[in-house]
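Asks: Please work out how this folds:
(chains A and B)
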2 protein chains.
Amino acid sequence: MAKQDLQQLRSQIDELNLQLLKVINERGMLVQEVGKLKGVQGTNRFDPVRERVMLDLIVEKNEGPFETSTLQHIFKEIFKANLELQEDDHRKALLV
Amino acid sequence: MAKQDLQQLRSQIDELNLQLLKVINERGMLVQEVGKLKGVQGTNRFDPVRERVMLDLIVEKNEGPFETSTLQHIFKEIFKANLELQEDDHRKALLV
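Replies: Predicted structure coming up:
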């Protein structure tokens, strides 16, 4: 019986993993759009003020079970991944 | 005009951040449930085989723009956060 519960929980977790995958990639595309716009405007890609605003919103809305500090760490990894993605785009643009 | 576009993209990104927050926390709760079940069954909390299965599914379903290696890194951070959460639960249980 416990084994069946375990199986069911795991398939729910797999489902959430795929949702995360989808949302992280969607977010990636939007940040690429922002990068293009900001490229046009000539401002820098890394924006600590905007990052702070996003993290503050996460703090405000966090209902657990994760500590806010843990979530901030995960989100910072997501932000960092996006910066790298934008750098790749920039390098590719230079090669064209 | 570009400023308005930027504003709009940012509010879409905020929306996705909140979705991520929700799904990461939901996932956290499910993994806590798994921890309880596995506690009952006496097996270890860290399960490299299960982690591999989850990462393989992510590889399989990734449609970009992120590289699979980047996504795996982010997911490993999420897995690690869950292990820490379960350790906290375990410590709290010992204190009761």
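Asks: going forward, measure contacts between C-alpha atoms and count neighbours the same way
Replies: Fine.
Asks: what's the closest non-adjacent residue to the spatially most central residue of chain A?
Replies: Nearest residue to the geometric centre of chain A (C-alpha atoms, centre = their mean): A:Ile78, 3.7 Å. Leaving aside its sequence neighbours, A:Ile78 sits nearest to B:Ile74 (C-alpha to C-alpha, 6 or more residues apart in numbering or on different chains; 6.7 Å).
Asks: which helices and strands does the strand or helix carrying the one you found pack with?
Replies: Take DSSP states H and E as the rule and B:Ile74 turns out to sit in helix B:68-95. For helix B:68-95, the packing partners by 3 or more C-alpha pairs under 8 Å, 6 or more residues apart in numbering or on different chains; DSSP states H and E come out as helix A:68-95, helix B:2-41, helix B:48-61.
Asks: Please identify the residues of chain A in proximity to chain B?
Replies: Residues of chain A lying near chain B by C-alpha under 8 Å from any C-alpha of the partner chain: A:2, A:6, A:9-10, A:12-14, A:16-21, A:23-25, A:27-31, A:33-34, A:37, A:54, A:58, A:61-66, A:70-71, A:74, A:77-78, A:81, A:85.
Asks: my guess is A:Gln32 contacts A:Glu84, does it?
Replies: No. The criterion here is C-alpha atoms under 8 Å, and A:Gln32 misses it with A:Glu84 at 10.6 Å.
Asks: Those two: which is more packed in?
Replies: Under the criterion of other C-alpha atoms under 10 Å in any protein chain shown, the comparison of A:Gln32 against A:Glu84 puts A:Gln32 first, with 19 against 13.
Asks: How confident was the prediction at the closest residue to that one other than its chain neighbours?
Replies: Counting by C-alpha to C-alpha, 6+ apart, A:Gln32 lies nearest to A:Gln86, which is 6.3 Å off, once chain neighbours are set aside. pLDDT for A:Gln86: 78.
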